[in-house]
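**Q** Just to be clear, the model below is a prediction. Sequence and coordinates:
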Amino acid sequence: MADSQYSVALVTGASSGIGAAVTRALRALDLKVYALARRREALAELAGEVGCIPLVADVNDTGQVNEVLAGLPIDILINNAGLGRGFAGLAQTTGEDIARVIETNVAAVLQVTRIVLPGMIERQRGHIVNMGSVAGLHPTGLSLYGATKGAIHLFGQNLRLELQGTGIRVTEICPGRVDTPFFDTALDDPADAKAFTQGFACLRPEDIADAIAYAIRAPWRCNIATIELMPTEQSIGGARITPVPQPP
């Protein structure tokens, strides 16, 4: 299994949701896992549960991230930290929200990857997993969020080309709707946030963690480039329109 090549992983946004589920899955693979997030108490609780090593830092503070990651031989990087805003439409979105989403979903991903990449190249070993979204692959009506996840899609595709010959693999995970606290931050009205996970069975964080574990454990010769996961009852493409009978 490819995971035998790896011993140390870093998960960003690890304190809840998908990040916490991925941390649990990687610990189950007997990897040493550094769990990075802002919430100290939540990280401490996760560390007590699975034995990960908490790193308290804000991914948007590059100096802080540099400091906590200094000297760590990261084999697997899970770029999971991210957020959504602007779900009401771009015209109703504030400039502050635009800057915050781009900073977290795009700039921080590039910065964290830049920090750990030299060590991977030197060791000729590594796996970078970027958390994308179906909103980065297909039109979903989320202009701001989709733009950032579209950037992550092309970042991963170009990084793979850039890293040819280094032994480093790059994977993008593109989920549909997942039942996590993500929507509590994305939407100001709790009722609206709850509505996003109602009506059909959403994916669970464990489903995403299983997909990541699959990509990591693939034989070294095999790079799982992109995984798109959707709830069974969710599809991309808009409303289903009943054909109107045409007169003879």
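**A** Ah, there it is.
**Q** Can you give me the neighbour number for Glu228?
**A** For Glu228, the neighbour count with other C-beta atoms under 10 Å is 16. C-beta: built from backbone N, CA, C; applies to glycine.
**Q** With adjacent residues omitted, what lies nearest to it?
**A** Computed as C-beta to C-beta, 6 or more residues apart in numbering, the closest residue to Glu228 that is not its neighbour in sequence is Cys174, at 4.6 Å.
**Q** Same question for Ala108.
**A** Val59 (4.0 Å).
**Q** Assess the claim that that neighbour and Ala81 are in contact.
**A** Yes - at 4.7 Å, Val59 counts as touching Ala81 under the criterion of C-beta atoms under 8 Å.
**Q** Mind listing the shared neighbours of those two?
**A** 12-13, 36, 104, 108 (C-beta atoms under 8 Å, 6 or more residues apart in numbering).
**Q** Local confidence estimate at His138?
**A** Listed pLDDT for His138 reads 92.
**Q** Over to it. Which of the three states is it?
**A** Secondary structure for His138, judged by DSSP: H, G, I helix; E, B strand; the rest coil, is coil.
**Q** Just confirm it contacts Met230, I think it does.
**A** No - His138 lies out of contact with Met230 (C-beta under 8 Å); the separation is 10.3 Å.
**Q** Helices along the chain, start to end?
**A** Under the criterion DSSP state H, the chain contains helices at 17-28, 40-50, 62-69, 95-102, 108-123, 143-162, 182-186, 190-195, 205-217.
**Q** Report the mean per-residue pLDDT for the longest one.
**A** Mean pLDDT, computed over helix 143-162, is 96.
**Q** Now do it: which elements does it pack against?
**A** helix 95-102, helix 108-123, strand 126-131, strand 168-175 (3 or more C-beta pairs under 8 Å, 6 or more residues apart in numbering; DSSP states H and E).
**Q** one step back: any idea which of the helices of the chain is most buried?
**A** helix 17-28 (a mean of 24; mean count of other C-beta atoms under 10 Å).
**Q** Okay, now the unreliable bits of the protein?
**A** Residues of the chain that meet the criterion pLDDT under 70 lie in 1-4, 182-189, 192-197, 238-248.
**Q** which residue is nearest the middle of it?
**A** Nearest residue to the geometric centre of the chain (C-alpha atoms, centre = their mean): Met131, 2.4 Å.
**Q** ok, what's across the strand from it?
**A** Ile173 (DSSP bridges).
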